[in-house]
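Fold the following, please.
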Amino acid sequence: MREGPRDLAPSLDIDPLRAGPAPVPAATVVLLRDSARGLEALLVQRPRATAFMGGAHVFPGGKLALEDASEAVRARCVGPSDETLRHALGPSEEIDAVTARALHVAAIRETFEEVRDT
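All right, here's what the predicted structure looks like:
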């Protein structure tokens, strides 16, 4: 007899009513380029030993670090203003301009870290 979605659900431990982990500020980068072969995307492979999605190919990114919002890092940033970066993230009352800059920094930092390690 063929198994249906309801037959598989208990083995997947999926409960849409169960509270999940609290979200944490994080950033992801989608890097694309047009090449002779067509559109290409940068993906990195998560370590196989990682508990969550080990071995999966993902876009680079990760959690916001305290240093991403530090004055030392902010002093080195050039380009758009904090407010411009906040607007680039879309409408949100939960993200202030300083956090928006830190999220952009985190995205860049995580990309460098993950690509450097490959």
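
The nearest residue to residue 56 once chain neighbours are set aside: what's it in contact with?
Excluding its sequence neighbours, the residue lying closest to residue 56 (CB to CB, 6 or more residues apart in numbering) is residue 46, at 5.2 Å. C-beta: built from backbone N, CA, C; applies to glycine. Contact partners of residue 46, counting by CB atoms under 8 Å, 6 or more residues apart in numbering, are 53, 54, 55, 56, 57, 58.

where does the chain dip in pLDDT?
By pLDDT under 70, the weakly predicted segments of the chain are 1-14, 117-118.

hmm, who's touching the helix or strand harbouring residue 115?
Per DSSP states H and E: residue 115 is located in helix 97-116. If you take CB under 8 Å, 6+ apart as the criterion, helix 97-116 is touched by 25-29, 31, 42, 44, 60-65, 68-69, 73-74, 77, 81-83, 85-86, 88-89, 95.

of those, buried ones?
Burial by neighbour count, judged by 16 or more other CB atoms under 10 Å, picks out 27, 29, 44, 60-62, 64, 68-69, 73, 82, 85-86, 95 from those.

that older thread, how much space between the residue nearest to residue 56 and residue 84?
32 Å (CB to CB, to the nearest Å).

What of residue 98?
From residue 98 across to residue 84, the span is 13 Å (CB to CB).

cool, residue 107 as well?
Residue 107 is 15 Å from residue 84, by CB to CB.

Those two: which has the busier surroundings?
Taking other CB atoms under 10 Å, residue 107 and residue 84 do not tie; residue 107 has more neighbours (21 against 12).

Can you tell me who the residue nearest the centre of the chain pairs with across the strands?
Taking CA atoms, centre = their mean, the centroid of the chain lies closest to residue 28, which sits 2.8 Å from it. Per DSSP bridges, the residues bridged to residue 28 are residue 61.

Also the one 4 residues further on?
According to DSSP bridges, the partner residues bridging residue 32 are residue 41.

Next, count neighbours for it.
For residue 32, using other CB under 10 Å, the count is 9.
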